[in-house]
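Peer 1: this one's sequence-less:
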């Protein structure tokens, strides 16, 4: 028998005896998998009650694993996996939290929430930064030449301190005289060469997509 033929036979034998690896199902308290996230959003959007509540301008904020309290208090883990799909409703400045049973593929509950309690989504941060950088008043703050900003939702870590970035932070107004009163506003912090610039000057109303400039306090 030739060496080449023997090698082929050995390779076939190894292939026939190799174990078949199957994708492991998530454990009860594991984070959501991408397919589960897709199912959660599809089920939520397909529910009649949710569709009526969302309207045409609803924005998806997040999809997260949740573990509702089991009917049997003696159970340590939930019997079925659930997800919370959170939407923001711009016309009413409110949120809608939808509880989805992933195994049963059905909406278990939906609850409205005040807009102040709905966190910012990545899309909203990017939109706020995009709107601000396109505003000539913001460009003038940097003498007509914008650095290469990138949008960020979180404060910089040790490795990010030297990066040119814009951080968007939710801001809440305290009275009717404030243009952000009962609106969904963010304040932008511009960081250039490890230094913040033009603090508390640039705000964006994410409901009207309007950039609001404020005179810095001396």
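Peer 2: Looks like it arrived, so ask away. These numbers were taken from a predicted model, which means no experiment stands behind them.

Peer 1: right, and residue 97 touches residue 84 too?
Peer 2: Yes. Using Cβ atoms under 8 Å, residue 97 makes contact with residue 84 at a distance of 5.7 Å. Where you see a C-beta, it was placed from the backbone N, CA and C, and this is true even at glycine.

Peer 1: the bottom helix or strand of this structure by mean pLDDT?
Peer 2: helix 3-17 (a mean of 49; mean pLDDT, DSSP states H and E).

Peer 1: which strands or helices does the helix or strand following that one pack on?
Peer 2: Note on helix 3-17: by DSSP states H and E, the next helix or strand toward the C-terminus is helix 34-46. With contacts defined as 3 or more Cβ pairs under 8 Å, 6 or more residues apart in numbering; DSSP states H and E, the packing partners of helix 34-46 are helix 48-54, strand 59-66, strand 82-89, strand 94-101, strand 106-114.

Peer 1: residues of the shortest one that come out buried?
Peer 2: It refers to helix 48-54. 50, 53, 54 (16 or more other Cβ atoms under 10 Å).

Peer 1: and the residue minimising distance to the centre of the chain, what's its pLDDT?
Peer 2: Geometric centre of the chain, nearest residue: residue 121, 4.0 Å, by Cα atoms, centre = their mean. Reported pLDDT at residue 121 in the predicted model: 90.

Peer 1: just residue 155 next, same as before
Peer 2: 57.

Peer 1: please apply the same query to residue 25.
Peer 2: In this model, residue 25 carries a pLDDT of 76.

Peer 1: do the same with residue 173
Peer 2: 89.

Peer 1: and if you look at the one 10 residues further on?
Peer 2: The predicted structure scores residue 183 at 93 on the pLDDT scale.

Peer 1: what do you get for residue 216?
Peer 2: With respect to pLDDT, residue 216 scores 75.

Peer 1: also residue 191?
Peer 2: 88.

Peer 1: touching, it and residue 166? I think so.
Peer 2: Yes. Between residue 191 and residue 166 there is a contact under Cβ under 8 Å: 7.4 Å.

Peer 1: quick one: low-confidence parts of this protein?
Peer 2: 1-23, 70-79, 153-162, 217-218 (pLDDT under 70).

Peer 1: change it to 50
Peer 2: Confidence mapping of the chain against pLDDT under 50 gives the ranges 6, 8-14, 21.

Peer 1: domains of this structure: list them as residue ranges, please.
Peer 2: Split into domains by automatic domain parsing, the chain comes to 34-117, 122-213.

Peer 1: let me have these in TSV, adding distance to residue 27 as columns.
Peer 2: Converted to TSV, these look like this (distance: least, Cβ to Cβ, whole Å):
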stretch	distance to residue 27
domain 34-117	9
domain 122-213	27
